[in-house]
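*Asks:* The following comprises the amino acid sequence and a computationally predicted model.
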Amino acid sequence: MADSPIAGKDYPTTWDEFVDWFAADGDCLTFLERLRWSNGFICPQCGSTNSPYAGSRNRMICRDCKRQTTATAGTIFDKTRTPLRVWFAAAWYITSQKQGVSALGLQRVLGFSSYETAWTILLAYA
């Protein structure tokens with residue numbers, strides 16, 4: 001994977017690649033950070049480009065205005081209780097199927113205990 005992934009281009013093409021790239025939630029978060037701030041962190045409040053410091057719960061804190069933000073803020077991943085790796089796996093699965101995906105099929109493939117979780121994720125990507 002490139003240092004700065006290109007949205008819509010740099011994504012695993014096979015399940016084995018997916019597992020290699022996104023073995024844990026931290027790998028997914030790092031990928032999102034590199035997509036969101038490909039030219040380095042920029043504070044959404046004051047525009048500062050100074051390196052942020054790390055806060056709790058994967059928050060980045062601006063050194064200048066102290067605003068806290070995350071790579072998931074303002075995205076479908078914001079405030080979700082579903083792990084990022086599950087969201088990424090769902091996205092990979094949905095985009096790799098030629099005939100489309102049903103919520104029931106997504107539930108089976110990803111092993112969700114609830115149909116509602118699969119349905120919610122499927123709707124988020126629609």
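*Replies:* Done, it's in.

*Asks:* what about the strands in this protein?
*Replies:* Applying DSSP state E to the chain gives strands spanning 53-54, 60-61, 68-69.

*Asks:* now for the first one, which elements pack on it?
*Replies:* Contact here means 3 or more CB pairs under 8 Å, 6 or more residues apart in numbering; DSSP states H and E; on that basis strand 53-54 packs against strand 60-61. Glycine gets a C-beta too; all of them are placed from N, C-alpha and C.

*Asks:* in its sheet, what does the strand it packs on sit against?
*Replies:* Strand 60-61 has its sheet partners listed here by DSSP bridges as strand 53-54 (antiparallel), strand 68-69 (antiparallel).

*Asks:* Contacts made by the first one with the rest, please.
*Replies:* Which is strand 53-54. Applying CB atoms under 8 Å, 6 or more residues apart in numbering, the external contacts of strand 53-54 come out as Met60, Ile61, Arg63.

*Asks:* what mean pLDDT would you report for that strand?
*Replies:* The average of the pLDDT scores along strand 53-54 is 91.

*Asks:* Just the buried residues from the contacts of strand 53-54, in PyMOL please.
*Replies:* Here is the PyMOL command that selects the buried residues among those (16 or more other CB atoms under 10 Å):
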select buried, resi 60
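
*Asks:* residues in contact with Pro83?
*Replies:* Asp25.

*Asks:* scratch that, Ile76
*Replies:* Counting by CB under 8 Å, 6+ apart, Ile76 touches Trp87, Ala124, Tyr125.

*Asks:* go with 10 Å
*Replies:* Trp87, Ala91, Thr120, Ile121, Leu123, Ala124, Tyr125 (CB atoms under 10 Å, 6 or more residues apart in numbering).

*Asks:* Thanks a lot, catch you later.
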